[in-house]
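Participant: predicted model, plus sequence, below.
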Amino acid sequence: MQASLNRPEPSRGLRTFRIEALARRLAALVESALIDEATLSPKPGLVDMRGSGAHHDLNWALMTHSAQTLRPAFEAMALAGARIEAPLMLRERIGLLGREGEAAMLQATRGVNTHRGAIWALGLLVTAAAQAPRMLDAASVAARAARLARLADRHAPVRTGHKGERACEDYGVGGAKGQARAGFPHVVDAALPALRRARAAGMREDHARVDALLAIMTTLDDTCVLARGGAQSLHAVQTGAASVRAAGGLAKPAGRRAFGALEKTMLARHVSCGGAADLLAAALFLDRLPALAAQADDSESAHKENAYGEA
């Protein structure tokens with residue numbers, strides 16, 4: 001007992017090193033999630049390795065460059081999550097970092113919106129992960145992110161004029177803000193369970209990720225679809241995604257035929273499920289966090305063994 005009491009506390013320098021290392025790892029996970037989402041193929045109406053989908057101003061290289069450009073912003077948000085305890089101060093700090101990240105994105109893409117929605121969703125989630133790095137299960141991280149999202153940022157613009165904002169007003173849906181404030185239900189309750197069921201069934205990883213995307217699309221009131229094609233297009237996307245899943249997804253011939261029909265419909269309507277894509281990236285990020293927590297535990301155990309001669 002006395003030996004335990006005499007053990008030195010970790011120095012401030014060591015704690016700073018750990019926080020900065022954590023922030024770097026979390027930002028790297030966000031970047032890889034965004035790149036994996038863009039790379040995943042095939043995706044209906046979205047940028048993938050086959051082409052630009054329903055977009056005329058996006059491609060895989062631009063999406064990848066955008067994700068790389070945003071990594072410092074996500075690292076700064078993670079640092080804020082680890083260091084700032086006052087909720088409102090933290091919310092306003094990451095709001096500022098998000099706006100700065102968006103400006104950097106637009107500069108890198110010459111004005112093309114590649115990841116505005118992802119900055120919001122993944123910015124909240126990476127901050128929430130850094131707040132409690134020993135509680136990285138998806139539900140806990142999403143709940144902490146929701147508490148931040150429900151705080152008003154006094155420095156944010158009252159109106160942005162963005163298409164998603166207008167779609168929320170025109171169609172009475174919650175959009176990205178509503179999804180975050182509710183705790184990301186389409187990530188926690190739809191995408192992640194679908195991803196894990198598909199893996200458990202032996203589905204290929206890329207097919208499992210597409211199934212997770214389709215699970216989101218089936219019920220999400222995607223403001224990207226609404227802004228481009230209205231309520232009829234949203235209904236077509238939702239029913240089409242449900243049909244693909246009901247037919248067995250990309251792992252089955254009938255599912256592949258249903259997928260082709262869905263993609264044909266979306267391209268004809270010039271609609272893209274960008275909101276669902278952002279939430280898929282969020283799901284991929286959350287899916288990887290438990291491994292990060294395990295690595296952190298192993299690292300700390302090794303440090304204690306080196307410092308004290310025991311685990």
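Facilitator: Received it, and whenever you're ready, just let me know what you need. Numbers count the residues shown, from 1 in each chain.

Participant: every contact and neighbour count from this point should use C-alpha atoms.
Facilitator: Will do.

Participant: name the residues of the host helix or strand of residue 208 that come out as buried.
Facilitator: Residue 208 is part of helix 205-219, with elements assigned from DSSP states H and E. Neighbour-count burial for helix 205-219 flags 206-219 (criterion: 16 or more other Cα atoms under 10 Å).

Participant: pick out whichever of those residues sits closest to residue 87.
Facilitator: Ranked by distance to residue 87 (Cα to Cα), the buried residues of helix 205-219 are led by residue 216 at 29.5 Å.

Participant: is it true that the closest one touches residue 189?
Facilitator: No: taking contacts as Cα atoms under 8 Å, residue 216 lies outside contact range of residue 189: 9.4 Å.

Participant: after whichever strand or helix holds residue 35 comes which helix or strand?
Facilitator: If you go by DSSP H and E, residue 35 is part of helix 12-39. The helix or strand immediately downstream of helix 12-39 is helix 60-83, counting by DSSP H and E.

Participant: how about the CA coordinates for that following helix, as PDB?
Facilitator: Taking Å, rounded to 0.1, in the frame of the first residue of the first chain, the C-alpha atoms of helix 60-83 are listed here in PDB:
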ATOM      1  CA  TRP A  60     -12.400  10.900 -55.900                       C
ATOM      2  CA  ALA A  61      -9.100  12.800 -56.100                       C
ATOM      3  CA  LEU A  62     -10.800  16.000 -54.900                       C
ATOM      4  CA  MET A  63     -12.600  14.200 -52.100                       C
ATOM      5  CA  THR A  64      -9.400  12.700 -50.900                       C
ATOM      6  CA  HIS A  65      -7.500  16.000 -51.100                       C
ATOM      7  CA  SER A  66     -10.300  17.600 -49.000                       C
ATOM      8  CA  ALA A  67     -10.100  14.900 -46.400                       C
ATOM      9  CA  GLN A  68      -6.400  15.400 -46.100                       C
ATOM     10  CA  THR A  69      -6.800  19.200 -45.900                       C
ATOM     11  CA  LEU A  70      -9.300  18.800 -43.000                       C
ATOM     12  CA  ARG A  71      -7.100  16.600 -40.800                       C
ATOM     13  CA  PRO A  72      -5.600  19.500 -38.900                       C
ATOM     14  CA  ALA A  73      -9.000  20.900 -38.100                       C
ATOM     15  CA  PHE A  74     -10.200  17.600 -36.700                       C
ATOM     16  CA  GLU A  75      -6.900  17.300 -34.700                       C
ATOM     17  CA  ALA A  76      -7.500  20.700 -33.200                       C
ATOM     18  CA  MET A  77     -11.100  19.800 -32.300                       C
ATOM     19  CA  ALA A  78      -9.900  16.600 -30.600                       C
ATOM     20  CA  LEU A  79      -7.400  18.700 -28.600                       C
ATOM     21  CA  ALA A  80     -10.100  21.000 -27.600                       C
ATOM     22  CA  GLY A  81     -12.300  18.100 -26.500                       C
ATOM     23  CA  ALA A  82      -9.500  16.800 -24.300                       C
ATOM     24  CA  ARG A  83      -8.500  20.100 -22.800                       C
END
